[in-house]
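Trainee: Need coordinates for the following:
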Amino acid sequence: MPYKPKRPCGHPGCAELTQGRFCELHSKGNNSSYNRNSRDADSKKFYGGRAWRETSKRQLMREPLCAECLRAERMTAATLADHIQPIRDGGSRYDPENLQSLCKACHNRKH
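Mentor: Residues are numbered from 1 along each chain as shown. Take a look at the predicted model:
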């Protein structure tokens, strides 16, 4: 039975042809940046928990526009709640004063 034709790797900028989604170099098991940037178990539990989801939802309802874009005089809808002072640096987890609403682009730029 014939195989499906190979297609380019799904990693941005990689033109390697592969049968799967990613080439060998960019598959999750071999990609060191994937493993380096994955969250620890405590962070996964916190950000996946009900209390954070509700806090995040309230933050986005309170401030529906991206804080960074507003500073640059752009109006962009926020999609993520972000800790101003990171939890690992002593920031409060659920305090609204330690939260800001960001669009995905600004959040990725920050982190």
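Trainee: Report the separation between the most centrally placed residue in the chain and Q85.
Mentor: Most central in the chain under CA atoms, centre = their mean is N108, positioned 6.7 Å from the mean C-alpha point. According to CB to CB, to the nearest Å, N108 stands 19 Å off from Q85. C-beta here means a position set from N, CA and C on the backbone, and glycine is covered the same way.
Trainee: T55 contacts Y94, correct?
Mentor: Yes - applying CB atoms under 8 Å as the test, T55 and Y94 come out as touching, 5.1 Å apart.
Trainee: elements contacting the helix or strand harbouring the residue nearest to the centre of the chain?
Mentor: Element membership for N108 (DSSP states H and E) is helix 104-110. In this structure, helix 104-110 packs against helix 67-71, strand 80-83, with contacts taken as 3 or more CB pairs under 8 Å, 6 or more residues apart in numbering; DSSP states H and E.
Trainee: Can you report how many residues lie near L102?
Mentor: A count of neighbours around L102, defined by other CB atoms under 10 Å, yields 25.
Trainee: partners of it in the sheet?
Mentor: Beta bridges link L102 to L80 when assigned by DSSP bridges.
Trainee: can you pull the contacts of it?
Mentor: Shown here is L102, whose contacts under the criterion CB atoms under 8 Å, 6 or more residues apart in numbering are C66, A67, E68, A78, T79, L80, A81, D82, K110.
Trainee: any idea which helix or strand comes after the helix or strand of the chain with the lowest mean pLDDT?
Mentor: Lowest by mean pLDDT, DSSP states H and E among the helices and strands of the chain is helix 32-37, with a mean of 52. Using DSSP H and E, the next helix or strand after helix 32-37 towards the C-terminus is helix 41-48.
Trainee: coming back round to it: list the buried ones in the helix holding N108?
Mentor: Going by neighbour count (16 or more other CB atoms under 10 Å), the buried part of helix 104-110 is C106, H107.
Trainee: Need the residues that contact that helix.
Mentor: By CB under 8 Å, 6+ apart, the residues outside helix 104-110 that reach it are C66, A67, E68, C69, T76, T79, L80, D82, L102.
Trainee: Among the residues you listed, which pair sits farthest apart?
Mentor: Farthest pair in the contacts of helix 104-110 (CB to CB) is T76 and D82. Separation: 13.8 Å.
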